[in-house]
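1. sharing a model prediction with you, sequence too.
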Amino acid sequence: MFLTPGGQVSLGKIYRAYRLLQQFQFSFHSKTSFQYRTVALQPGTFQFGLEPIGVSDADHLLDEISQRSLSDNNRLLFEYSRNNRHLEALKLFVGTHRSGLPFDGSSISCILKVCGCLSDRTIFKQLHCHCIKSALVDDVSVGTSLLDTYMKTENVVDGKKIFKEMQEKNVVTWTSLLSGYSWNGLFEQAIEIFRQMQVKGINPNPFTFATILGALANEAAVEKGVQVHCMIIKTGFESATFVANSLINMYSKSGMVGEARAVFEDMKHRTAISWNGMVAGLVLNGLDLEALKLFYQMRLAGMKLTQGSFATVIKLCANLKELGFAIQLHCWVHKNGLDSAPTIRTALMVAYSKCGKMDDAFKLFSITQNMQNVVSWTAMVSGYLQNGRSEKAASLFCQMRREGIAPNDFTYSSILTAHPTASLFQIHAQVIKINYENSSTVGTALLDAYIKIGNTGEAAKIFTLIKEKDTVAWTAMLAGHAQIGDTEGAVKVFMKSAKEGIQSNEFTFSSVINACASPTASVEQGKQFHAISIKSGYSNSLCVSSALVTMYAKKGNIETANEVFKRQQERDSVSWNSMISGYAQHGYGKKALKVFEEMRTRNLEIDEITFIGVICACTHAGLVDEGQRYFDMMVNDFLIDPTMEHYSCMVDLYSRAGMLNKAMDLINRMPFPAGATVWRTLLAACRVHLNLDLGKVAAENLISLQPHDSAAFVLLSNMYAAAGNWKERAKVRKLMDERKVKKETAYSWIEVKNKTYGFVAGDHSHPFSDWIYLKLEDLNVRLRDAGYLPDTNYVLHDVEDENKEAFLSQHSERLAIAFGLIATPSGTSIQIVKNLRVCGDCHNVIKLISVIEGREIIVRDSNRFHHFKGGACSCGDYW
C-alpha cells in the first residue's frame with residue numbers, strides 16, 4: 001500500500017494508472033519515445049487480473065501523489081528501495097515526475113540505484129541525461145550513484161569516466177569505484193584503487209574494508225589482506241559484523257582457517273552470514289567434520305537457518321557421503337518451503353549423486369523440469385560420470401543441447417571426461433566454436449583428455465592457448481609428460497612454471513616425482529624433487545609421499561622407499577601397493593607378503609592391483625604354493641574376477657618354476673583368449689627350460705598377435721641356439737629378415753655425477769673406452785683367480801669357444817660396471833639399468849665382482865632388480 005496524507009491508495013491502482021501513462025510515452029527529455037526507450041514496462045509483462053481504468057481515475061491517482069511533499073515522496077521511495085521493491089520504487093518515481101513535483105539529489109540518487117538493481121541500462125541512461133539537463137550530475141551523491149550503477153550494469157568504461165569527471169569525491173565515491181571493479185572481476189584494479197585511496201589520504205570506511213577484503217580473497221593476496229586487517233584494528237572497525245564476515249571469507253579462501261576461526265570467535269555479534277561463512281570456510285578447506293560440529297553449534301545458538309546454511313551443509317553431506325543426514329536435510333528444506341531454491345535443489349542432486357543414489361538425483365531433477373538451468377544439468381551430467389555411467393551422461397548432455405540449454409565451462413569440463421563414450425573431437429569442435437578453448441577450466445580438461453589418449457602433441461598445443469594458466473593446468477601438462485615417461489619434458493614444465501611464479505601444490509610434486517620414476521630418469525632428480533617438496537612443506541602430503549615410495553622403489557632404493565612408507569602419517573592403497581610391488585621387484589618376496597598380511601590385519605581395502613603385487617612377489621621368490629593360495633583367496637574370498645594381468649602373473653609363477661604344462665593348462669582354462677604378455681612369458685620360460693615343442697606353440701601364438709614384435713623371434717631363435725639346433729635358428733633369422741623385424745639392441749646405462757652413459761656390447765665409443773677395457777682385462781684376471789669359468793652356453797652364435805668368451809666379456813652390463821668402478825669412489829654402490837634380461841653368465845660374474853671390489857652393485861633388467869653384495873644376489877639365482 002502507498003501511504004498518503006489522505007489515506008491509502010492500492011498498489012493495483014498505481015499499476016493501472018501507470019499502464020495508462022504508457023500511452024503517453026513519457027520521456028525524460030525532448031527526443032521522441034522511439035529514440036530513447038521510455039521509463040515504462042512492456043505491456044503484458046505482468047498480469048494483475050485487474051479491470052481497465054479510465055483517464056479520470058489515473059488523473060485522480062496522480063492528484064493523490066501530488067498532495068505529498070518532496071520529503072514524503074523521498075521517504076516512501078527510500079522505503080521501497082531498502083526493501084528491494086524496485087518496481088514499486090520506479091513506478092512511484094514515474095508518477096511523481098508526471099505530477100510535476102520537483103526532484104532533489106537524494107531522489108535521483110535513490111532511483112539510479114534502483115535502475116542498477118533492475119539492470120535496465122536504457123532507463124538508466126535516460127536518467128543520466130536528465131541529471132545532466134537538471135545540473136544534478138555535480139551532486140556528489142548523484143555522481144556516486146551514476147558511477148555505482150554503471151559498474152553494476154558492467155559498463156566499466158563509462159563508470160571510470162564518471163569518476164574522473166566528478167569535481168567532488170568522498171569515501172563513498174571511492175568505495176563505489178572499488179566495489180565496481182570487484183563486481184566485474186577486476187580484482188587487481190580494485191586493489192590499485194585502494195592503494196590510491198591511501199596515497200590521497202582518503203580514510204576507508206567499513207564498507208571499503210569489506211570490499212577490498214573480498215578482492216584480496218579472490219586474488220589470493222593474503223599478505224596484503226593481513227596488512228588490511230591491521231588497518232581495520234587500528235581504525236576500530238573490527239567490531240563491524242560485515243567487516244568481520246569479510247575477514248572470515250578472506251582467511252578461509254587463503255587456507256588460513258585458524259585465523260578465520262580466531263576472527264569468528266572474537267565476534268561480539270554473529271549473524272547467520274557469519275556462521276554460514278565459517279562453516280563454508282571449513283568445508284572449503286576440507287575440514288568437513290569440524291564444519292558439521294560448527295553447524296550443530298549454530299543450531300544450538302538459535303540462529304535461523306537460511307538458504308545459504310542449507311546449501312553449505314548439504315554440500316558437506318556430499319563430501320562426507322552422509323546419505324542419511326542429506327535425506328533429513330531434504331525433508332527439512334521441503335517442510336520450510338526451500339526445496340525449490342535453485343542452489344538447494346542442485347546441492348541435493350549433488351549429494352545424492354556422490355552417495356551413489358543417481359535415481360533419486362534424477363527424480364529430483366525431473367520434478368523440477370520448469371526450473372532446470374545449466375547448473376542443474378551440469379550437476380546431473382557430472383553425477384552420472386562420477387558413478388561410472390558415461391553413456392547416460394553423454395545422453396543427458398545431448399538432451400541438454402536439444403532443449404536449448406547452452407553448456408557452460410563446467411559442463412564441458414565434465415563431459416570431456418566421458419571419452420570415448422562422448423567423442424573428444426566433436427566436443428573439442430564445440431568448444432572451439434564457442435571460444436571456450438582458452439578458458440582455464442575447459443582448456444585444462446581438454447589437455448587432460450588428450451593426454452589420456454596419449455596425444456601429448458595436441459595437449460601441448462591446447463596448453464599454449466590457455467590464457468590464464470593456473471596450477472591445475474601446469475600440473476596437467478606435467479602429468480602428461482610423466483605418463484609417457486618423458487622425464488626431461490616434465491622437469492622443463494616444472495622449471496618453467498616456477499619461473500612464471502606459479503605456486504606448486506601437492507599434485508604438482510606428485511606428478512613430477514612420478515616422472516622421475518621412469519627407467520630413463522636420473523636417480524638424483526628424484527632426490528632433488530624430494531628435497532624441494534620438503535622445503536615447500538608438501539613431503540608429508542599423501543599423494544606426494546605415495547609417489548616418493550613408488551619412485552624410490554622403482555629407482556632401486558627399496559630401503560629409502562620403506563623409510564618414507566614408515567613415516568607416512570596416513571597411507572592409501574597406492575602406498576601399500578607400491579611397497580608390495582617394490583619388495584616383489586627387488587626379490588624380497590617374504591617382506592612383500594608381510595606387508596600384505598598387515599593390510600589384511602588392519603582391514604584395509606584390497607583391490608586387484610594389490611593381488612598383482614602379491615602374486616608377483618611369490619613369482620620372484622619361487623613361492624608357487626603361496627601364489628596359488630593367494631590367487632584362490634582373491635577369487636573366493638575377495639570376489640575379484642581375475643584379469644589378464646592376474647593370469648599372466650600365474651603363468652609366470654608356474655613357468656619360472658619349470659611347471660610349463662601346468663602353465664599351459666591354465667592358459668587353456670582362461671575365460672578369454674590369452675594376450676601377448678601371457679604367450680611371451682611362457683615362451684621366455686620355454687627358452688630357459690629348453691622346451692622346444694611348447695616354445696614353438698607359444699612363439700606362433702605370440703607372432704600371430706604381434707607380427708612385428710622382435711621378442712617372439714629372438715626368444716625362439718635363442719631357444720634353438722641354446723639347444724644347438726642351428727638350422728632352425730637360421731630359419732627364424734631368415735623369417736625376421738623377410739618380415740623386416742629388427743632385433744632390439746641390448747643397452748646398459750649408468751649414471752655418474754648426474755650424467756647418464758649408455759653402452760652396447762663391444763662398445764668403443766666412450767671417451768674413456770681404453771680405460772674401461774683395461775679395467776675389464778684386470779677384472780677377467782681376478783675373476784679367473786677367484787675360480788670363474790665362462791658359461792659359453794649363453795653365447796648364441798655358432799662360433800669357436802674362444803670367441804664366445806670374448807663375446808661374454810664385452811656384454812653391455814660389464815662395460816657399464818667397469819666404467820662405474822673407475823669413475824666412482826671406492827666403496828660406493830653402483831647402479832645400472834639394462835633394457836633386456838641379464839644373462840646367466842653375467843649374473844655369476846657380477847656376484848664375484850661384488851666380492852672382489854667390495855661394492856654393492858644394483859642391476860635393473862627387464863624382469864626385476866638384482867642386488868649383488870658379498871657374492872650373493874637378492875634374487876637367490878631365481879629369475
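-> In hand now; what should we look at?

2. C-alpha only now, for contacts and for neighbours.
-> OK.

3. in the chain, which residue is closest to the centre?
-> Centroid-nearest residue in the chain, with CA atoms, centre = their mean: residue 472, separated by 5.9 Å.

4. helices or strands next to the helix or strand encompassing residue 866 in the packing?
-> Here residue 866, judged by DSSP states H and E, is contained in strand 865-869. Applying 3 or more CA pairs under 8 Å, 6 or more residues apart in numbering; DSSP states H and E, one finds that strand 865-869 contacts helix 840-852, strand 857-860.

5. in CSV: the ones you listed, plus mean neighbour count and mean pLDDT.
-> CSV is the format used below for those (neighbours: other CA atoms under 10 Å; pLDDT from 0 to 100):
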stretch, mean neighbour count, mean pLDDT
helix 840-852, 19, 92
strand 857-860, 24, 94
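
6. so after the helix or strand that contains residue 635, what's the next helix or strand?
-> In this assignment (DSSP H and E), residue 635 forms part of helix 624-636. Remark: after helix 624-636, the chain's next helix or strand is helix 644-656, criterion DSSP H and E.

7. quick one: contacts of the next helix-or-strand element following that following helix?
-> As assigned by DSSP H and E, the chain's next helix or strand after helix 644-656 is helix 660-669. Helix 660-669 is contacted from outside by 647, 650-652, 654-655, 674, 682, 685-686, using CA atoms under 8 Å, 6 or more residues apart in numbering.

8. what is the burial count for residue 216?
-> By other CA atoms under 10 Å, 25 other residues sit near residue 216.

9. which residue packs closest to it, ignoring adjacent ones?
-> Counting by CA to CA, 6 or more residues apart in numbering, the nearest residue to residue 216 once its immediate chain neighbours are dropped is residue 225, at 6.1 Å.

10. surely that neighbour is in a helix?
-> Yes. Counting by DSSP: H, G, I helix; E, B strand; the rest coil, residue 225 is part of a helix.

11. so it is in contact with residue 214, correct?
-> No. Taking contacts as CA atoms under 8 Å, residue 225 lies outside contact range of residue 214: 9.3 Å.

12. joint contacts of these two?
-> residue 250.

13. distance to residue 161 for the helices and strands packed on strand 865-869 - can I get that in JSON lines?
-> Shown next, in JSON lines, are those (distance: least, CA to CA, whole Å):
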{"stretch": "helix 840-852", "distance to residue 161": "81"}
{"stretch": "strand 857-860", "distance to residue 161": "70"}
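
14. so which of the ones you listed gets nearest residue 219?
-> Among the helices and strands packed on strand 865-869, the nearest to residue 219 by CA to CA is strand 857-860 (47.9 Å).

15. adjacent strands (with direction) for that closest one?
-> Partners of strand 857-860 in the sheet, by DSSP bridges, are strand 830-834 (parallel), strand 865-869 (antiparallel).

16. may I see those organised as CSV, with mean neighbour count added?
-> Output for these, formatted as CSV (neighbours: other CA atoms under 10 Å):
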stretch, mean neighbour count
strand 830-834, 23
strand 865-869, 24
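
17. which ones are touching residue 811?
-> By CA under 8 Å, 6+ apart, the neighbours of residue 811 are 760-762, 842.

18. buried members of the residues you listed into PyMOL, please.
-> A single PyMOL command is used to select the members of the contacts of residue 811 judged buried by 16 or more other CA atoms under 10 Å:
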select buried, resi 760+761+842
